[in-house]
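# sequence? don't have it. structure:
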């Protein structure tokens, strides 16, 4: 069982970082082979929309995104962790997601063989406010990111009202829930799919 954690915060030791670490701790305890990727440490160019991926499913931009393409395909579970910035995921997270257009092209344009939807995706998000729609943007972005890499949007932990660095440590029940989710996924338990309803405008 391979579990890939993608940490998308620019702040080291921040709330989404702590939440992801709890999830990965549980996964490791459950026997999974875990890997954590820190997007803040990578150089990922935003998508340049040149449509090269429509030709052969590859992205010609030679940067730190290249090794991630394979990692996203071989993981049994992909956990995406991000703080909320302006009601969406962080810039680091969004740049990585936009570059998975190459995988989307493989699936939907070129109809290539692709690791299947028995793989699972998890969204871990933290936000400072307690607004009703705080996670709407991130959830829909995650939904289509998971679709692009052909994993089922299976579970999520969304934490409101945490802003100061490490504030989530004051919610040990949330961290325990993240650990438990990691252990259960490592043990092969299936969740989801989560279905999102569009908002009326």
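Yes, it's here. Just so we're clear, the structure is a prediction, and the values are computed from it rather than from any experiment.
# how about the spatially most central residue of the chain, secondary structure?
Residue closest to the average C-alpha location in the chain (CA atoms, centre = their mean): residue 80, at 1.8 Å. Here residue 80 is recorded as strand under DSSP: H, G, I helix; E, B strand; the rest coil.
# Quick check: it touching residue 144?
No - applying CB atoms under 8 Å, one finds residue 80 not in contact with residue 144, separated by 11.8 Å. Where C-beta positions appear, they are placed from N, C-alpha and C, glycine not excepted.
# hang on, residue 36 in a strand?
Yes - under three-state DSSP, residue 36 sits within a strand.
# Just give me the neighbour total for it.
Per other CB atoms under 10 Å, the neighbour tally for residue 36 reads 16.
# With residue 7 instead?
The burial count assigned to residue 7 is 26, neighbours taken as other CB under 10 Å.
# Provide the backbone phi and psi angles at it.
The phi/psi pair for residue 7 (degrees, to the nearest 10) reads phi -100, psi 120.
# ok, now which ones touch it?
Residue 7 makes contact with 16-17, 20, 36-40, 81, according to CB atoms under 8 Å, 6 or more residues apart in numbering.
# packing partners for the strand or helix carrying residue 19?
Taking DSSP states H and E as the criterion, residue 19 maps to helix 15-29. Under the contact criterion of 3 or more CB pairs under 8 Å, 6 or more residues apart in numbering; DSSP states H and E, helix 15-29 touches strand 2-7, strand 33-38, strand 77-83, strand 120-126, strand 152-159, helix 172-186.
# Partner strands of the fourth one, with direction?
Strand 120-126 has the following sheet partners, assigned by DSSP bridges: strand 77-83 (parallel), strand 152-159 (parallel).
# how about the ones you listed in JSON lines, adding distance to residue 181 and mean pLDDT?
Formatted as JSON lines, these follow (distance: least, CB to CB, whole Å; pLDDT from 0 to 100):
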{"stretch": "strand 77-83", "distance to residue 181": "9", "mean pLDDT": "98"}
{"stretch": "strand 152-159", "distance to residue 181": "6", "mean pLDDT": "96"}
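# Same list, those, but as CSV with distance to residue 192 please.
Below are these laid out as CSV (distance: least, CB to CB, whole Å):
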stretch, distance to residue 192
strand 77-83, 11
strand 152-159, 3
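# Give me whichever of those strands is most buried.
strand 77-83 (a mean of 27; mean count of other CB atoms under 10 Å).
# avg pLDDT for the helix or strand following that one?
Once the chain leaves strand 77-83, the next helix or strand it forms, by DSSP H and E, is helix 91-99. Per-residue pLDDT over helix 91-99 has a mean of 98.
# Let me see the mean pLDDT of the helix holding residue 19.
97.
# still on that earlier bit, so which of the strands paired with strand 120-126 is nearest residue 4?
Closest to residue 4 of those, according to CB to CB: strand 77-83, at 5.2 Å.
# shaky segments in the protein?
Low-confidence segments of the chain, defined by pLDDT under 70: 199-201.
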